[in-house]
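**Student:** model the structure of this input:
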Amino acid sequence: MSDTLVIIPTLNEIENIEAIIAAVFKEKKKFHILVVDDNSQDGTPAAVTNLMDQYPDRLFLEKRIGKKGLGSAYIHGFKWALQREYEYIIEMDADFSHNPKDLIKLYNACSKEGAKLSVGSRYINNNVNVVNWNIKRLLLSYFASKYVQIITGIRLYDTTAGFVCYHRTVLETIELDKIQFVGYAFQIEMKFKTWKHKFPIKEVGIVFTDRTKGTSKMSGSIVTEAIFGVIKLRLKGLS
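**Tutor:** Here you go, the predicted structure:
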């Protein structure tokens with residue numbers, strides 16, 4: 001049994017899923033993986049199922065019907081993890097934008113350095129560590145984090161980061177059924193509520209590399225949700 005579960009949400013990630021699973025399992029630290037798939041039509045669930053015999057009791061799959069959103073997938077994974085004995089739960093993309101070698105940094109920040117949430121930060125100390133993004137997307141992401149800082153008061157450089165590790169006590173404390181957002185704003189909301197509950201948070205510097213295979217799930221509606229969602233979070237606080 002591992003003390004750490006890596007949750008990987010998927011929607012048509014056949015180009016990446018086998019490789020990312022293998023890369024995580026090559027790390028010295030023994031991680032478990034839960035793939036939460038939103039009805040992929042490209043064979044992603046079948047590819048995961050085929051690997052489960054190779055990685056017994058380390059690789060798990062939850063298949064959902066329909067596209068329900070990133071936040072919903074993670075909440076599904078959080079609840080699955082909390083029903084078991086995992087102490088640390090990590091969010092990770094399937095497309096190698098998050099380097100599996102950085103998993104240990106997030107884990108150590110929580111397990112050895114006292115954080116209850118560790119954040120793989122692209123912008124720590126205002127340094128930009130992003131590869132293969134065009135300038136428009138880079139500026140949008142960077143200033144989105146600045147915008148969140150200003151509106152909410154949260155003291156994080158990368159408020160929209162999606163490569164994070166939670167101690168289970170955070171997820172047990174936050175009322176997951178009351179999380180409002182499913183897209184880009186989900187990451188902001190989870191950090192905001194962790195911060196409001198006064199859990200210690202630590203940012204860990206990473207290099208974020210944009211996907212080279214598959215299709216990005218970013219859309220205008222996701223960005224809009226984040227912009228207006230932040231104001232809603234600030235007004236409602238923990239409610």
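**Student:** use CA for all of it now, contacts and neighbours both
**Tutor:** Noted.
**Student:** compute the distance between the residue of the chain positioned farthest from its centre and residue 116, please.
**Tutor:** In the chain, counting by Cα atoms, centre = their mean, residue 53 sits farthest out from the average C-alpha position, at 25.9 Å. Distance of residue 53 to residue 116, computed by Cα to Cα, to the nearest Å: 33 Å.
**Student:** also residue 208?
**Tutor:** For residue 208, the distance to residue 116 - Cα to Cα - is 22 Å.
**Student:** and for residue 91?
**Tutor:** For residue 91, the distance to residue 116 - Cα to Cα - is 14 Å.
**Student:** between the two, what contacts are shared?
**Tutor:** residue 165 (Cα atoms under 8 Å, 6 or more residues apart in numbering).
**Student:** which residues of this protein fall in helices?
**Tutor:** Secondary structure of the chain (DSSP state H): helices at 17-25, 44-52, 70-82, 103-111, 135-152, 168-173, 184-196, 220-236.
**Student:** report the distance from the second one to the chain centre.
**Tutor:** Here the centre of mass of C-alpha atoms in helix 44-52, compared against the chain's by Cα atoms, centre = their mean, to the nearest Å, lies 21 Å away.
**Student:** same check on the shortest one?
**Tutor:** Counting by Cα atoms, centre = their mean, helix 168-173 is centred 15 Å from the centre of its parent chain.
**Student:** can you list contacts of it?
**Tutor:** 78, 82, 86-89, 116-117, 194, 199.
**Student:** next, the buried residues of it.
**Tutor:** With burial defined by 16 or more other Cα atoms under 10 Å, the residues of helix 168-173 counted as buried are 168, 170-171.
**Student:** can you add distance to residue 108 and give the residues you listed back as CSV?
**Tutor:** Below are the buried residues of helix 168-173 laid out as CSV (distance: Cα to Cα, whole Å):
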residue, distance to residue 108
168, 15
170, 17
171, 18
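**Student:** from these, which is closest to residue 68?
**Tutor:** residue 171 (20.1 Å; Cα to Cα).
**Student:** how close does that closest one sit to residue 162?
**Tutor:** Residue 171 is 16 Å from residue 162, by Cα to Cα.
**Student:** follow-up on the earlier one: buried subset of the contacts of helix 168-173?
**Tutor:** 78, 82, 86-89, 116-117, 194, 199.
**Student:** which of those residues fall in strands?
**Tutor:** Using DSSP state E, the subset of the buried ones among the contacts of helix 168-173 located in strands is 88-89, 117.
**Student:** can I get those in a markdown table with distance to residue 60 and pLDDT?
**Tutor:** Supplementary listing: those in a markdown table, determined by distance: Cα to Cα, whole Å; pLDDT from 0 to 100:
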| residue | distance to residue 60 | pLDDT |
| --- | --- | --- |
| 88 | 16 | 98 |
| 89 | 14 | 98 |
| 117 | 23 | 98 |
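**Student:** which residues touch the spatially closest residue to residue 190 that is not a sequence neighbour?
**Tutor:** Spatial nearest neighbour of residue 190, excluding adjacent residues (Cα to Cα, 6 or more residues apart in numbering): residue 179 at 7.9 Å. Neighbouring residues of residue 179 by Cα under 8 Å, 6+ apart: 186, 189-190.
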